[in-house]
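Chemist: Please find the sequence and the predicted model below.
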Amino acid sequence: MHIPDGYLGPPTYLAGYAACIPLWGIAARKLKAGLDARRAPLLAISAAFSFLVMMFNIPLPGGSTGHAIGGVLVAIAVGPWGALLSVSIAVVIQALLFGDGGITAIGANCFNMAFLMPFSGYYAYRGLCRVFPSVKGNAVAAGIGGWLGLNAAALSTAVMFGIQPLLHTGADGRALYAPYPLSVAVPAMMLQHLTIFGLAEALVTGLVVHHLQRSRSAWILQATSEKA
């Protein structure tokens, strides 16, 4: 799902930065005001976890990659604003040190994977927990939230790719950035994420939440629920 350099035109990748910079500021203020010292190390652990799972990339048609992210699981553990910062840190390190995702596309990648995914999946999880209040029900809700969050991020990525031929073409009509229109970019991206990667994300998220709720680590989830 990482977008490389050269696939987004300046209007799109600058819009990604414009959207993320204020979100990072809000997240920093919220965490400074509400995160207690006992839970603070979870932010570092969450960033490391997200970094690790995103390193297992499978190339997809069009120049992007498919992989798990762990964004919804991180949001359940430290809240969606904490997930925004944790996943953003992982995305930035990957781009700067490993060339996984472009530097110009950091804002767009963070918007998709660190904002859209954690927030959409987390609030889906919270809503479903009211419908399935048992421990197993919460695990199912977490799995569904992980699946939904991953696919929200994938769809946004596909749309960013697909609008490039509409925004940027040369004098001869060739696309200057991502070459595939929405009719190609969206199916190519979503097919794998709705199935393979989405199911992997759902399985990991659901199983870890189930374990946390049945162990002494359950306070992590309870504290998050109280603060969200």
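Modeler: That came through fine. Numbering: from 1, shown residues only.
Chemist: Can you report how many residues neighbour residue 188?
Modeler: Using other C-beta atoms under 10 Å, the number of residues around residue 188 comes to 17. Bear in mind the C-beta positions are built from the backbone N, C-alpha and C, glycine included.
Chemist: my guess is residue 180 meets residue 188, correct?
Modeler: Yes - contact criterion C-beta atoms under 8 Å: residue 180 and residue 188 qualify, at 7.1 Å.
Chemist: my guess is residue 194 meets residue 151, correct?
Modeler: Yes - Residue 194 is within contact range of residue 151, at 6.0 Å (criterion: C-beta under 8 Å).
Chemist: Just want to know which of these two has more residues nearby.
Modeler: For residue 194 versus residue 151, the count of surrounding residues by other C-beta under 10 Å is larger for residue 151: 20 against 15.
Chemist: now residue 191: how far from residue 168?
Modeler: 25 Å (C-beta to C-beta, to the nearest Å).
Chemist: the strands in the protein, which residues?
Modeler: 58-59, 65-66 (DSSP state E).
Chemist: Of those, which shows the lowest average pLDDT?
Modeler: Ranked by mean pLDDT, the strands of the chain end with strand 65-66 in last place, scoring a mean of 64.
Chemist: got the buried residues for stretch 157-170?
Modeler: 157-158, 160-165, 168 (16 or more other C-beta atoms under 10 Å).
Chemist: for stretch 196-210, same thing?
Modeler: Applying 16+ other C-beta under 10 Å to stretch 196-210 flags 197-198, 200-202, 204-206, 208-210 as buried.
Chemist: Just the closest of those to residue 138, please.
Modeler: Proximity of the buried residues of stretch 196-210 to residue 138 (C-beta to C-beta) peaks at residue 209, which lies at 6.4 Å.
Chemist: Show the pLDDT at residue 140.
Modeler: 95.
Chemist: Use 729 as the first number from now on
Modeler: Noted, 729 is the first residue going forward, which turns the last one into residue 868.
Chemist: what number of residues lie near it?
Modeler: Residue 868 has 20 nearby residues by other C-beta under 10 Å.
Chemist: residues in contact with residue 741?
Modeler: 830, 832-833, 835-836 (C-beta atoms under 8 Å, 6 or more residues apart in numbering).
Chemist: repeat that with 6 Å
Modeler: By C-beta atoms under 6 Å, 6 or more residues apart in numbering, the residues touching residue 741 are 832-833, 836.
Chemist: Tabulate the buried residues of stretch 885-898 in JSON lines, adding columns for pLDDT and distance to residue 762.
Modeler: What follows is the buried residues of stretch 885-898, written out as JSON lines (pLDDT from 0 to 100; distance: C-beta to C-beta, whole Å):
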{"residue": "885", "pLDDT": "95", "distance to residue 762": "30"}
{"residue": "886", "pLDDT": "95", "distance to residue 762": "34"}
{"residue": "888", "pLDDT": "97", "distance to residue 762": "32"}
{"residue": "889", "pLDDT": "95", "distance to residue 762": "36"}
{"residue": "890", "pLDDT": "96", "distance to residue 762": "38"}
{"residue": "891", "pLDDT": "97", "distance to residue 762": "37"}
{"residue": "892", "pLDDT": "96", "distance to residue 762": "39"}
{"residue": "893", "pLDDT": "95", "distance to residue 762": "44"}
{"residue": "896", "pLDDT": "93", "distance to residue 762": "42"}
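Chemist: Many thanks, we can stop here.
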